[in-house]
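K.L.:
just a sequence and a predicted model for now, questions to come.
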Amino acid sequence: MLRYVHHEFRLSLCAAAAVAVTLGVLIAVHGLSPLPDYWWRTLAIILGISALFVPLRASRIPGLSLVLRFDEAVPRHDPYGIYPTHVRLFRRTALRPMFVVFVSLTAITLAVCLLWTPDLIAGPLWLAVDWLCKGLVVLHWEYRHGARLWQGHDRDRPERFSYTTVNRFPPTRTATDAPPG
């Protein structure tokens, strides 16, 4: 079971690292200008479309909304302390799958960009921005609902979400640790 926001941010980091490695190799092989001038317009279009889709994904429009899927999440109670209160973005168990995603994205992108055209580096760049935007939508949902969104709790349906509530404010303490009031 993993926090969905961490899943999206890890994938975004992998895709961004694949773009950085591919761009570094392209510059080393083809010189300082491996990309055509219109590529920067492509980058602006990718960022613009992604910025447009963030509010659409955060809305409740059927077919476009991620929030509708998050609202279907089932509550998970934590009577035994199974769910950690602080989950790190880079856990040791998450590094292997992250490395596999990074290597495969880098190898495919690098092969296509070196053998065909360097314009296709926009593919992993679009993936990085898209996963980052999804992560931001998840963060916004978690903040508004005071919950953490988890995925993978149901072995029969691993795409199903669950949530645990988070106490936003610590309980009030007095000098004698007596309850306030």
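P.N.:
Here it is on my side, so go on. Numbering: from 1, shown residues only.

K.L.:
now the strands: where do they sit in this structure?
P.N.:
2-3, 74-75, 147-151, 161-165 (DSSP state E).

K.L.:
just give the closest residue to Leu47, not the sequence neighbours.
P.N.:
Leaving aside its chain neighbours, Leu47 sits nearest to Val129 (6.5 Å; criterion: CB to CB, 6 or more residues apart in numbering). C-betas here are computed from N, CA, C, even on glycine.

K.L.:
let me have the strands of the chain in JSON lines, adding mean neighbour count, mean pLDDT and distance to Arg60 as columns.
P.N.:
Shown next, in JSON lines, are the strands of the chain (neighbours: other CB atoms under 10 Å; pLDDT from 0 to 100; distance: least, CB to CB, whole Å):
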{"stretch": "strand 2-3", "mean neighbour count": "18", "mean pLDDT": "82", "distance to Arg60": "23"}
{"stretch": "strand 74-75", "mean neighbour count": "10", "mean pLDDT": "88", "distance to Arg60": "19"}
{"stretch": "strand 147-151", "mean neighbour count": "20", "mean pLDDT": "87", "distance to Arg60": "17"}
{"stretch": "strand 161-165", "mean neighbour count": "18", "mean pLDDT": "85", "distance to Arg60": "16"}
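
K.L.:
ok, which of those comes nearest Leu52?
P.N.:
strand 147-151 (23.4 Å; CB to CB).

K.L.:
list the buried residues of the helix or strand of the chain with the lowest mean pLDDT.
P.N.:
Lowest by mean pLDDT, DSSP states H and E among the helices and strands of the chain is helix 92-115, with a mean of 78. Neighbour-count burial for helix 92-115, counted by 16 or more other CB atoms under 10 Å, picks out Met98, Val101, Phe102, Leu105, Thr106, Thr109, Leu110, Val112, Cys113.

K.L.:
what does it contact?
P.N.:
2, 6, 10-11, 13-15, 17-19, 21-22, 25-26, 29, 120-121, 123-124, 127 (CB atoms under 8 Å, 6 or more residues apart in numbering).

K.L.:
now render the strands of the chain as a markdown table, adding distance to Pro62.
P.N.:
What follows is the strands of the chain, written out as a markdown table (distance: least, CB to CB, whole Å):
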| stretch | distance to Pro62 |
| --- | --- |
| strand 2-3 | 26 |
| strand 74-75 | 20 |
| strand 147-151 | 20 |
| strand 161-165 | 17 |
